[in-house]
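Novice: turn this into a structure:
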Amino acid sequence: MPTYVFKVVVEQDEDAWHAYCPALLKQGGATWGTTKEEALQHIHEVVHMVVQSLIEHGESVPDGPLEDVQVSHESRVAVTV
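Specialist: Model prediction:
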């Protein structure tokens, strides 16, 4: 099973934090939160749901520029510090 790593962008405005995944914007890969951590949690959930839906419907997962999407067919662990 492939592992996908997606770039996300998190930006703050006056009232909230907005998060989006450039490679999945056309598929609805955007959300928000009242804190940066909440926005990151939400975008993680949205990306997971979008990718799962694409796979279930037999559609291909978008592959964008290397800085937006990385695909590995080996086991991976991601750690953000």
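Novice: where in the chain is pLDDT low?
Specialist: For the chain, applying pLDDT under 70 flags the ranges 66.
Novice: can you tell me how far E37 sits from T3?
Specialist: Separation of E37 from T3 (C-beta to C-beta, to the nearest Å): 23 Å. Placement of C-beta: from N, CA and C, glycine included.
Novice: oh, that last question was meant for H73, not what I typed.
Specialist: Going from H73 to T3 by C-beta to C-beta gives 8 Å.
Novice: look at the two and report which has more neighbours.
Specialist: Neighbours per residue (other C-beta atoms under 10 Å) separate H73 from T3, with T3 holding more: 13 against 8.
Novice: so who does that one touch?
Specialist: V71, S72, H73, E74, S75, R76 (C-beta atoms under 8 Å, 6 or more residues apart in numbering).
Novice: looking at the residues you listed, which is nearest Q27?
Specialist: V71 (16.2 Å; C-beta to C-beta).
Novice: name the element the residue nearest in space to the middle of the chain belongs to?
Specialist: Central residue of the chain (C-alpha atoms, centre = their mean): V47, 3.9 Å from the mean position. Applying DSSP states H and E as the criterion places V47 in helix 36-56.
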